[in-house]
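Asks: 3D, please:
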Amino acid sequence: MRTEYWINVRHVDNRLVVFLNGETVWDSGIVHNDPGMDVFVEFTPMLEGHDRHTNELIFEGFNDSYNNNGSPFNPWHFSYRVIKRVVDEKGK
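Replies: This is a model prediction of the structure:
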(Lines give C-alpha, C1' and ligand atoms only; values in the text may rest on other atoms or scores of the structure.)
Protein backbone atom coordinates (compact mmCIF):
# COMPACT_ATOMS: atom_id res chain seq x y z
CA MET A 1 0.00 0.00 0.00
CA ARG A 2 1.15 3.51 -0.73
CA THR A 3 -0.18 6.87 0.37
CA GLU A 4 -0.62 9.75 -2.07
CA TYR A 5 -1.37 13.41 -1.35
CA TRP A 6 -3.34 15.54 -3.80
CA ILE A 7 -4.84 19.03 -3.96
CA ASN A 8 -8.09 19.61 -5.82
CA VAL A 9 -8.27 23.25 -6.98
CA ARG A 10 -11.49 24.69 -8.40
CA HIS A 11 -13.01 27.97 -9.58
CA VAL A 12 -9.86 30.14 -9.77
CA ASP A 13 -10.64 33.79 -10.60
CA ASN A 14 -7.16 35.13 -11.22
CA ARG A 15 -3.76 33.60 -10.54
CA LEU A 16 -3.19 31.02 -7.81
CA VAL A 17 0.19 29.59 -6.82
CA VAL A 18 0.47 26.70 -4.37
CA PHE A 19 3.72 26.32 -2.43
CA LEU A 20 5.00 23.47 -0.25
CA ASN A 21 7.92 24.36 2.01
CA GLY A 22 8.73 27.32 -0.24
CA GLU A 23 8.75 25.32 -3.50
CA THR A 24 6.11 25.79 -6.18
CA VAL A 25 3.70 22.85 -6.37
CA TRP A 26 1.34 24.38 -8.95
CA ASP A 27 0.78 27.69 -10.73
CA SER A 28 -2.55 28.33 -12.46
CA GLY A 29 -1.20 31.12 -14.62
CA ILE A 30 -3.54 34.06 -15.12
CA VAL A 31 -7.10 32.78 -15.31
CA HIS A 32 -10.11 35.08 -15.43
CA ASN A 33 -13.34 33.78 -13.93
CA ASP A 34 -13.00 30.09 -14.80
CA PRO A 35 -15.84 28.40 -12.89
CA GLY A 36 -15.15 25.16 -14.78
CA MET A 37 -11.61 24.77 -13.47
CA ASP A 38 -11.25 21.48 -11.61
CA VAL A 39 -7.59 20.43 -11.33
CA PHE A 40 -6.02 17.61 -9.32
CA VAL A 41 -2.36 18.14 -8.43
CA GLU A 42 -0.30 15.42 -6.75
CA PHE A 43 2.42 16.62 -4.39
CA THR A 44 3.47 13.29 -2.82
CA PRO A 45 7.01 13.34 -4.31
CA MET A 46 7.66 16.73 -2.71
CA LEU A 47 6.84 15.28 0.75
CA GLU A 48 9.08 12.22 0.51
CA GLY A 49 12.23 13.95 1.74
CA HIS A 50 10.42 15.63 4.64
CA ASP A 51 8.59 12.76 6.32
CA ARG A 52 9.87 13.65 9.80
CA HIS A 53 9.24 17.38 9.51
CA THR A 54 6.30 19.72 9.67
CA ASN A 55 5.35 20.83 6.17
CA GLU A 56 3.87 24.18 5.19
CA LEU A 57 1.34 24.34 2.36
CA ILE A 58 0.61 27.90 1.19
CA PHE A 59 -2.05 29.07 -1.26
CA GLU A 60 -1.17 32.51 -2.60
CA GLY A 61 -3.57 34.44 -4.80
CA PHE A 62 -2.60 37.26 -7.11
CA ASN A 63 -5.24 39.78 -8.16
CA ASP A 64 -4.52 41.98 -11.16
CA SER A 65 -6.58 44.91 -12.43
CA TYR A 66 -9.10 42.71 -14.27
CA ASN A 67 -12.76 43.09 -13.40
CA ASN A 68 -15.88 42.29 -15.35
CA ASN A 69 -18.41 44.55 -13.67
CA GLY A 70 -16.80 47.98 -13.88
CA SER A 71 -16.12 48.31 -10.14
CA PRO A 72 -12.64 49.24 -8.89
CA PHE A 73 -12.68 46.25 -6.53
CA ASN A 74 -12.11 42.85 -8.09
CA PRO A 75 -13.30 40.07 -5.77
CA TRP A 76 -10.97 37.10 -5.86
CA HIS A 77 -11.69 33.57 -4.78
CA PHE A 78 -10.99 29.87 -5.33
CA SER A 79 -11.79 26.63 -3.61
CA TYR A 80 -9.54 23.72 -2.75
CA ARG A 81 -9.41 20.44 -0.91
CA VAL A 82 -6.34 18.51 0.26
CA ILE A 83 -6.80 14.77 -0.26
CA LYS A 84 -4.97 11.79 1.23
CA ARG A 85 -5.38 8.69 -0.95
CA VAL A 86 -4.31 5.16 -0.02
CA VAL A 87 -3.66 2.87 -3.00
CA ASP A 88 -3.25 -0.90 -2.69
CA GLU A 89 -0.97 -3.18 -4.73
CA LYS A 90 -3.64 -3.53 -7.44
CA GLY A 91 -3.98 0.23 -7.85
CA LYS A 92 -7.36 0.49 -6.17
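Asks: this structure: helices as residue ranges?
Replies: Listed from the start of the chain, the chain has helices (DSSP state H) covering 44-47.
Asks: and the helix or strand bottoming out on mean pLDDT in the chain, which strands flank it?
Replies: Within the chain, no helix or strand scores below strand 57-62, which has a mean of 87 by mean pLDDT, DSSP states H and E. Paired neighbours of strand 57-62 in the sheet (DSSP bridges): strand 15-20 (antiparallel).
Asks: where in the protein is pLDDT low?
Replies: Screening the chain residue by residue with the criterion pLDDT under 70, one finds the ranges 32-35, 63-76.
Asks: let's see it at 90
Replies: Per-residue confidence of the chain (counting by pLDDT under 90) places the weak regions at 10-16, 28-38, 48-53, 60-79, 91-92.
Asks: quick one: the strands in this structure, in order.
Replies: 2-10, 15-20, 23-27, 38-42, 57-62, 79-87 (DSSP state E).
Asks: return the most buried member of these.
Replies: Compared across those, strand 15-20 shows the largest average neighbour count, a mean of 18 (mean count of other Cβ atoms under 10 Å). For the C-beta atoms, the positions are set from N, CA and C on the backbone; glycine is no exception.
Asks: before we move on, back to that, turn the strands of the chain into a markdown table, including distance to residue 49.
Replies: What follows is the strands of the chain, written out as a markdown table (distance: least, Cβ to Cβ, whole Å):
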| stretch | distance to residue 49 |
| --- | --- |
| strand 2-10 | 14 |
| strand 15-20 | 11 |
| strand 23-27 | 11 |
| strand 38-42 | 15 |
| strand 57-62 | 15 |
| strand 79-87 | 18 |
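Asks: among these, which comes closest to residue 50?
Replies: Proximity to residue 50 (Cβ to Cβ) singles out strand 15-20 among the strands of the chain, at 8.7 Å.
Asks: which outside residues touch stretch 39-46?
Replies: Contacting residues not belonging to stretch 39-46 are listed as 3-10, 18, 20-21, 23, 25-26, 28 [Cβ atoms under 8 Å, 6 or more residues apart in numbering].
Asks: what's across from residue 10 in the sheet?
Replies: residue 38, residue 79.
Asks: residue contacts, it?
Replies: By Cβ under 8 Å, 6+ apart, residue 10 lies in contact with 37, 38, 39, 78, 79, 80.
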